[in-house]
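Colleague: sequence first, predicted coordinates after that:
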Amino acid sequence: MRSSPALALALALALAGCAGSIAPYDPAGEPARRAALEADLRAKLGEAWDQPVPGLAEADLELGREVWYKNCDACHGAHGQGDGPRADRMQPRPSNLLAGRTLSQAGEVQLLRDGSPGTGMPGFGGKLPDRHILAVYRYVGWLRVNPPPPPDP
Ligand code: HEC
């Protein structure tokens, strides 16, 4: 089959257009993006940023585990190490939640509600009742203090 020059030109223009509108992922931009994310969350939370999260201590851990396996493990992996089946197709990758926290607890809960713009992290605010968001965040806390045993040597 012969390809039409007009079609080839249209295709080239379309591709050029796409390349111009979608900012390519640049790891060098990550620190600035994360700083902007934190600034946004701090602005939303004000003084609540470093206060205990209301309702978190009483949140339902069992419910949290269910919510985790329905909504989170595909990206973050069963143990929260950022290695779920969907992780390799994502830039930036899903956070390794066991690698240490850079946001406050209140900041992370707000991120769960709102998502992280420009990344795969969805906002669950409209999808899950707040009780479920607090429960799954309590489960994340549980994962952090119960890391998986190391593999056999
Ligand atoms: C579609 C993939 C995806 C799903 C589903 C997902 N996440 Fe994420 N998550 C991400 C990505 C990507 C980031 C990194 C966001 C960033 O760096 O701005 C992230 C970041 C986070 C963070 C912030 C940690 C940090 O400082 O980087 C927390 C906490 C978190 N996710 C918890 C959850 C929980 C709990 C669920 C389920 C309710 C969930 N995620 C579902 C992809 C996902």
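Modeller: Alright, I've got the coordinates.

Colleague: for the protein, what lies in contact range of the ligand?
Modeller: Proximity of the chain to the ligand is confined to 37, 71-72, 74-76, 86, 90, 92, 94-95, 97, 102-103, 108, 111-112, 116, 119-122, 124, 136, 140 under the rule Cβ under 6 Å from any ligand atom. Every residue, glycine included, has its C-beta placed from N, CA and C.

Colleague: inside helices: which ones of those?
Modeller: The members of these that map onto helices under DSSP state H are Leu37, Asn71, Ala74, Cys75, His76, Glu108, Leu111, Leu112, Val136, Val140.

Colleague: how about those residues, which pair is most distant?
Modeller: Distance extremes for those: the farthest pair is Leu37 and Ala74 at 21.8 Å, using Cβ to Cβ.

Colleague: now the ones in helices among the residues of the chain next to the ligand as CSV including pLDDT and neighbour count?
Modeller: As requested, these are arranged in CSV below (pLDDT from 0 to 100; neighbours: other Cβ atoms under 10 Å):
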residue, pLDDT, neighbour count
Leu37, 98, 20
Asn71, 98, 18
Ala74, 98, 14
Cys75, 98, 20
His76, 98, 25
Glu108, 98, 18
Leu111, 98, 21
Leu112, 98, 24
Val136, 99, 27
Val140, 98, 20
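
Colleague: between those, which is closest to Leu61?
Modeller: Within those, the smallest distance to Leu61 is 9.8 Å, found for Val136 (Cβ to Cβ).

Colleague: the closest one: what's it in contact with?
Modeller: If a contact means Cβ atoms under 8 Å, 6 or more residues apart in numbering, then Val136 has Gly64, Val67, Trp68, Asn71, Cys72, Leu112, Leu128 as its contacts.

Colleague: the same query, at a cut-off of 7 Å, please.
Modeller: With contacts defined as Cβ atoms under 7 Å, 6 or more residues apart in numbering, Val136 is in contact with Gly64, Val67, Trp68, Cys72.

Colleague: need these in a markdown table with pLDDT and neighbour count, can you?
Modeller: Compiled in a markdown table, the contacts of Val136 are given as follows (pLDDT from 0 to 100; neighbours: other Cβ under 10 Å):
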| residue | pLDDT | neighbour count |
| --- | --- | --- |
| Gly64 | 98 | 24 |
| Val67 | 98 | 23 |
| Trp68 | 98 | 20 |
| Cys72 | 98 | 24 |
